[in-house]
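Participant: Sequence plus the predicted model coming up.
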Amino acid sequence: MRAVRIAEHGGPEVLRTTEVADPGTGPDDLLVDTTACGVNFIDTYQRSGKYSVSLPHVPGSEGAGTVSAVGSGVTGFAVGDRVAWAMAPGSYAERVAVPADKAVKLPSTLGSRTAAAAMLQGLTAHYLISSTHVVGPGTVALVHAAAGGMGLLLTQWITRRGGTVIGTVSTPEKERLARDAGASEVIRYTERDVTEGVRAATDGRGVHVVYDGVGKDTFEASLSCLRPRGTLALFGAASGPVPPFDPQRLNSAGSLFLTRPTLAHHVLDRAELDWRTGELFDVVSRGELTIRIGGDYELGEAPRAHEDLEGRRTTDKLLLKP
């Protein structure tokens, strides 16, 4: 089968499409013919060496497709089922061995491409607003990169739960996308100080929660935008990791909460995975949460997909089409 593989760490040029052995099916796996796989920042971290992976390595952990074989120890799935997943390594490939405990069946109301685009970011958005900081009527949230795939999902879902979103973006086009998703205030960080903008929009009080997937470049502003006992959810590091800092600063800034969550710790058992995907699929199927696909790339175009993602030339979700 064809797959994208890296033999050394580096830039997008180290992503090479090649023929590799079929992954086969372990006793606890599903063999899935891939319809689409998601492109995420974690893939770039693994490619560059920021996150350690064994080489050679097939990137990707998210996708959707059709089951072609079922492991001997698996129950509840059958050949022909349409499934999606968010944490199955080796997903930049024509076929993926997906652990059955990571796979979910797709309802007839949800297309495979939409599911592939929704899984990782949608489940992340769900735990951020349902567990990390429970969002409801009256919640005021700052969402960085509000026009990106993750930012648009958070903005839509927060506003549909009765919260208010202040978003940060870099261009007028991205401001339009964020406002269309429901942001009541949008700050172009290239033209205005974010902290000043947030304080002005909240009558000096600050926000209850900041959702920050950018990291190093936004961390200081994120802290300064919180009201007392506010929460900074640092769920990514698109601009690089945050340098070490003194936790005493959380005290002096108002008894703040800082967390660095990850999806794996929020789908610890089947019941939790089913709860989160069930709510995600429901709001997407009903049209209450729009999954926007900003770019479709052939498998061999994986280097360009990484370049576009890292170069901030895209909005919405990027997919590879094996």
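Facilitator: Received, thanks.

Participant: all contacts plus neighbour counts: C-alpha atoms, from now on.
Facilitator: Fine.

Participant: Just the helices from this structure, written as ranges.
Facilitator: Assigned by DSSP state H, the chain shows helices spanning 41-48, 112-127, 149-160, 172-181, 194-201, 219-224, 248-252, 270-285, 302-310.

Participant: so how far is the first one off the chain centroid?
Facilitator: Relative to the chain's own centre, helix 41-48 is displaced by 13 Å; criterion: Cα atoms, centre = their mean, to the nearest Å.

Participant: got the contact list for that helix?
Facilitator: Surrounding helix 41-48, the residues in contact under the criterion Cα atoms under 8 Å, 6 or more residues apart in numbering are 6, 9-12, 14-15, 51-53, 59-60, 238, 306, 309-310.

Participant: Buried members of those into ChimeraX, please.
Facilitator: Entered in ChimeraX, the line below selects the buried ones among those, by 16 or more other Cα atoms under 10 Å:
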select :6,9,10,12,14,15,59,60,238,306,309,310
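
Participant: Specify which member of the contacts of helix 41-48 is nearest to L273.
Facilitator: Nearest to L273 among the contacts of helix 41-48 is G60, at 19.4 Å by Cα to Cα.

Participant: what stretches of this structure score poorly on pLDDT?
Facilitator: Across the chain, the ranges flagged by pLDDT under 70 are 315.

Participant: Let me see the domain layout of it.
Facilitator: The record's domain split for the chain, according to automatic domain parsing, is 2-119+292-321, 137-260.

Participant: end-to-end on the longest one?
Facilitator: End-to-end distance of domain 2-119+292-321: 12 Å, with Cα to Cα, to the nearest Å as the criterion.

Participant: So what's the gap between that domain and the chain middle?
Facilitator: 14 Å.

Participant: what's the answer for stretch 243-261, then?
Facilitator: 24 Å.

Participant: what residues does stretch 298-311 touch?
Facilitator: For stretch 298-311, contacts defined as Cα under 8 Å, 6+ apart pick out 3-4, 12-17, 39, 41, 44, 92-93, 297, 314, 318, 320-322.

Participant: Kindly recompute the last result at 6 Å.
Facilitator: The contact list for stretch 298-311, computed with Cα atoms under 6 Å, 6 or more residues apart in numbering, reads P12, E13, L15, T17, L320, K321, P322.

Participant: The nearest residue to L263 once chain neighbours are set aside: neighbouring residues, count only.
Facilitator: Spatially, and ignoring its direct neighbours in sequence, L263 is nearest to T124 (5.9 Å; Cα to Cα, 6 or more residues apart in numbering). Using other Cα atoms under 10 Å, T124 is surrounded by 23 other residues.

Participant: Many thanks, I have nothing further to ask.
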